[in-house]
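Asker: Sequence and predicted structure are below.
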Amino acid sequence: MNPRRWWLRRSLRFRITVVATGVALLCLLAFTGLAPALIGLIQITAVDQELAKAPARVLDVSGVPVDGGPPLGLTAQDIRMLKSGEPVLRLEGDSAHRWRGQVVFTADGTPRLEVYGQTLLGYENANTLGTRWLAVAAVLVAGLVGIATWLSVRSSLRPVERMRVAAGELPHGQRLPVPPSRDELQALAEALNALLARRDEASDRLRRFTGDAAHELRSPVASVRAQAEVAVAHPDPDFSIEVLESVVEESIRLSALVDSLLILARADTAEPSRAEAVDLVLEAEAAIERLDTDLLVRLNAPPSACLASAARSEVELVLDNLLRNAARYAFSTISVTLVPVGRDVRLLVDDDGHGIPVEHRAKVFDRFYRVEEDRGRSSGGFGLGLALVAHLVRRRGGSVRVAESPAGGARLEIRWRSW
């Protein structure tokens, strides 16, 4: 098995415990490796403090005792070190001998070497035993660190686990309680509540979308079925042709509805593409050329480019839907105006139709909302074009608004952020 995959499949509590225990053990074993030097340093420091109180031996500069005592067994190298003020440590089996010395002068100016010495009994055994016990202590302490880490991580993750279970079982519309403490748990609860809010919003939107789509699809499907049943019940050739023509019209309407639903569904679920500088003047000219209408369409734009921060495909959809909507209700003229305003670019689409009553202006960007009777005639639309416009513009930080045009019809105003 791949070690990395095996490691990633372990629980977070297990991984934290193993890492903490391993780091603690490595640090303690490294300290244990330094133990002989540390123990020896402690012993030597203690002996040096005692040497200051011990009686001195007096030697000549060659190392021969002149105080009548026995030879000290110091080598020529030891004598040179003591005369220079450096201490000497000599190992003798399990014990060691510590020497310190200094050069003094007699009354007649003769140099003498005063030497202080002390034996360190069991020096090697103390180092060995100390290292062994420190190694055992390192293992025990690392084990205690592991147990403590396991218990503390389990205790710390218990509220997170409870929060996870609660989040999965919360009914629609309810939220997790937010802890009063300003810590990571509070931040996690707030993040989960935001996620739940987005989930509920998406669920509500999907429920409304499904219900509205089913309602809109029911009418053309029922019409096609009814006309087909009539044609079957009355197999008259002339009548069948009329029925087939009606079926074709309803099929075209049904196909257009399905296409609109697919476009809106993709806009809902897809992440917005990277924004770019889109020249609205060029896009408006192209949209006017694509518009299939006998109405007069005027474009009022500045001579310079009007760059909006958006995606080109989004701008094409917005312009096509706005112009088709205006062409559906206009009597004779459509006016498209582009105006840079500070950090925004305004797009105004005016028609000379009946306009939109004030009480409906806040709702025309809702999905499947239609006010054909208020605009003078049945449009045959589905109430999805302006909803798609609002969705594409608002997710780029823009805004949409309905007002009255100078010609008495409807004015649809779009604001994009300038590039």
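Answerer: Perfect, I can see it now.
Asker: Strands of the stretch 1-150 of the chain, start to end?
Answerer: 57-59, 88-92, 95-105, 111-120 (DSSP state E, counting those that start in this stretch).
Asker: Turn those strands into TSV, columns for mean neighbour count.
Answerer: Backbone N, C-alpha and C define where each C-beta goes, glycine included. Converted to TSV, the strands of the stretch 1-150 of the chain look like this (neighbours: other C-beta atoms under 10 Å):
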stretch	mean neighbour count
strand 57-59	19
strand 88-92	14
strand 95-105	17
strand 111-120	18
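Asker: worst average pLDDT in those?
Answerer: Among those, strand 88-92 carries the lowest mean pLDDT, a mean of 82.
Asker: just to revisit the earlier point, quick check: which of the strands of the stretch 1-150 of the chain is nearest to residue 282?
Answerer: Nearest of these to residue 282, taken as C-beta to C-beta: strand 88-92 at 90.7 Å.
Asker: Quick check: which helices or strands does that closest one pack against?
Answerer: Contacts defined by 3 or more C-beta pairs under 8 Å, 6 or more residues apart in numbering; DSSP states H and E place strand 88-92 against helix 76-83, strand 95-105.
Asker: sorry, back to before: would you turn the strands of the stretch 1-150 of the chain into CSV with distance to residue 31?
Answerer: Below are the strands of the stretch 1-150 of the chain laid out as CSV (distance: least, C-beta to C-beta, whole Å):
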stretch, distance to residue 31
strand 57-59, 39
strand 88-92, 23
strand 95-105, 23
strand 111-120, 23
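Asker: can you tell which of these is closest to residue 2?
Answerer: strand 88-92 (51.7 Å).
Asker: who touches that closest one?
Answerer: The contact list for strand 88-92, computed with C-beta atoms under 8 Å, 6 or more residues apart in numbering, reads 44, 74, 78, 81-82, 96-101, 123-124.
Asker: Next, give me the two most distant ones among the residues you listed.
Answerer: Across the contacts of strand 88-92 (C-beta to C-beta), the longest gap, 24.2 Å, separates 101 and 124.
Asker: Hmm, residue 349 is touching residue 335, no?
Answerer: Yes: Residue 349 is within contact range of residue 335, at 7.5 Å (criterion: C-beta atoms under 8 Å).
Asker: Settle it for me: which of these two has more neighbours?
Answerer: Ranked by neighbour count (other C-beta atoms under 10 Å), residue 349 and residue 335 place residue 349 first, with 25 against 21.
Asker: that's a strand at the more buried one, yeah?
Answerer: Yes: counting by DSSP: H, G, I helix; E, B strand; the rest coil, residue 349 is found in a strand.
Asker: how close does it sit to residue 338?
Answerer: In this view, residue 349 and residue 338 are 10 Å apart by C-beta to C-beta, to the nearest Å.
Asker: Repeat that for residue 17.
Answerer: Counting by C-beta to C-beta - residue 17 and residue 338 are separated by 64 Å.
Asker: what's the helix or strand for the residue nearest to the spatial centre of the chain?
Answerer: Within the chain, the residue whose C-alpha comes closest to the C-alpha centroid is residue 191; the distance, by C-alpha atoms, centre = their mean, is 11.4 Å. With elements taken from DSSP states H and E, the one containing residue 191 is helix 184-233.
Asker: Who are the packing partners of that helix?
Answerer: Using 3+ C-beta pairs under 8 Å, 6+ apart: helix 184-233 touches helix 123-169, helix 237-269.
Asker: Can you flag the weakest of those helices by average pLDDT?
Answerer: Mean pLDDT across the helices and strands packed on helix 184-233 is lowest at helix 237-269; the value there is a mean of 75.
Asker: pLDDT value on the closest residue to residue 135 other than its chain neighbours, please?
Answerer: Nearest-residue entry for residue 135: residue 32, 4.9 Å, with adjacent residues in sequence omitted and distances by C-beta to C-beta, 6 or more residues apart in numbering. pLDDT recorded at residue 32 is 82.
Asker: try residue 377
Answerer: On the pLDDT scale, residue 377 gets 40.
Asker: possible to save the helices and strands packed on helix 184-233 as a markdown table with distance to residue 221 and mean neighbour count?
Answerer: Rendered in a markdown table, the data for these read as follows (distance: least, C-beta to C-beta, whole Å; neighbours: other C-beta atoms under 10 Å):
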| stretch | distance to residue 221 | mean neighbour count |
| --- | --- | --- |
| helix 123-169 | 38 | 14 |
| helix 237-269 | 7 | 14 |
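Asker: what separates the residue lying farthest from the centre of the chain from residue 115, distance-wise?
Answerer: Going by C-alpha atoms, centre = their mean, the residue of the chain most distant from its centre is residue 108, 86.3 Å out. Counting by C-beta to C-beta, the gap from residue 108 to residue 115 is 21 Å.
Asker: Show me the beta-bridge partners of residue 402.
Answerer: residue 412 (DSSP bridges).
Asker: Over to residue 296?
Answerer: residue 333.
Asker: Tell me how many other residues surround it.
Answerer: Using other C-beta under 10 Å, residue 296 has 11 other residues around it.
Asker: Does it touch residue 334 like I think?
Answerer: Yes: Residue 296 is within contact range of residue 334, at 7.1 Å (criterion: C-beta under 8 Å).
Asker: For residue 192, report the pLDDT, please.
Answerer: Predicted confidence (pLDDT) for residue 192: 82.
Asker: One more: residue 340?
Answerer: pLDDT, read off for residue 340, is 93.
Asker: Need the three-state assignment for it.
Answerer: strand.
Asker: Make JSON lines from the helices and strands packed on helix 184-233 and add distance to residue 401 to it.
Answerer: Converted to JSON lines, the helices and strands packed on helix 184-233 look like this (distance: least, C-beta to C-beta, whole Å):
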{"stretch": "helix 123-169", "distance to residue 401": "38"}
{"stretch": "helix 237-269", "distance to residue 401": "20"}
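Asker: Which one of those lies nearest to residue 281?
Answerer: That would be, of the helices and strands packed on helix 184-233 and by C-beta to C-beta, helix 237-269, which comes in at 24.4 Å.
Asker: What segments of the stretch 301-419 of the chain are strands?
Answerer: Counting by DSSP E, counting those that start in this stretch, the stretch 301-419 of the chain has strands at residues 307-310, 333-341, 344-351, 399-404, 410-417.
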